[in-house]
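Trainee: need coordinates for the following:
(one chain, ligands or ions: 1)
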Amino acid sequence: MQLDFRRPGQPLQIRLLFVCLGNICRSPTAEGTMQHLVQRAKLDRCFQIDSAGTSAWHAGEKANATSRKIARTHGIELQSRSRQFQTRDFQSFDLILAMDSSNYQEILKMARNPQDESRVVLFRTFDPECDPFHPEDVPDPYYGGLDGFQTVQEIIIRSCQNLLDRIRQDSQIST
Ligand code: 4NP
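Mentor: Next comes the predicted model:
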């Protein structure tokens, strides 16, 4: 997948949406982690980053307390409030990153045309430890213990770093 988001005559603006089921564990972690990496690279002006859930089960809630605690140990603050994915997100974002294959299928069901579909990708396509042609799911940590949340944070840090590196390369962002 080419990650060249340049548009002739327009300032570079890359709009990323991370999507999981509840929007309280995995996708808020990805949103906060990506925001952190982009700020550290001094590229905030080029990015718009958000997250959503395929369900509205936790709408309005803060990220899960364990997710927030683990993120904080990496210097990352999770500030999102849960919201449900909407059809208009296909227009509002350039790349929609599904955390697992079930989220991916749910998002694709809402796509109205091939352009909508082309914006949806499985997040672990960008995990350097995954085969990009057979990406694995980010495991749902919600019903498990602390280890599961830690594993999720590690997967997300390395995948977001690689995603940022790939965007910088393909969109030719130097600073
Ligand atoms: P998330 O995790 O999709 O990573 O936010 C979950 C959060 C809540 C539930 C399931 C998964 N739930 O069943 O309420």
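Trainee: give me the low-pLDDT residue ranges for the protein?
Mentor: Along the chain, the model assigns pLDDT under 70 to no residue.
Trainee: max-length helix in it?
Mentor: For the chain, the longest helix by residue count, based on DSSP state H, is helix 146-170.
Trainee: and Leu37, backbone torsions?
Mentor: Here is the backbone geometry of Leu37 (degrees, to the nearest 10): phi -70, psi -40.
Trainee: isn't it right up against Gln161?
Mentor: Yes: here Leu37 reaches Gln161: they are 6.1 Å apart, a contact under CB atoms under 8 Å. (Glycine included, C-beta is placed from N, CA and C.)
Trainee: can you give me the strands in the chain?
Mentor: For the chain, strands defined by DSSP state E occupy the ranges 14-20, 47-53, 95-98, 120-122.
Trainee: and the shortest one, how far from the chain's centre?
Mentor: Relative to the centre of its chain, strand 120-122 is centred 10 Å away, using CA atoms, centre = their mean, to the nearest Å.
Trainee: parallel or antiparallel, list what pairs with that strand.
Mentor: Sheet pairing of strand 120-122 (DSSP bridges) gives strand 95-98 (parallel).
Trainee: quick one: is the partner strand near the ligand?
Mentor: No: judged by CB under 6 Å from any ligand atom, strand 95-98 stays clear of the ligand, getting no closer than 10.7 Å.
Trainee: and for that strand, what are the contacting residues?
Mentor: Strand 95-98 is contacted by residues 3, 14-20, 30, 89-90, 104, 107, 119-123, 126, 163 when judged by CB atoms under 8 Å, 6 or more residues apart in numbering.
Trainee: what parts of this protein come near the ligand?
Mentor: Within the chain, the positions adjacent to the ligand are 20-26, 57, 140, 142 by CB under 6 Å from any ligand atom.
Trainee: so Phe149 sits against Ser67, correct?
Mentor: Yes: applying CB under 8 Å as the test, Phe149 and Ser67 come out as touching, 6.0 Å apart.
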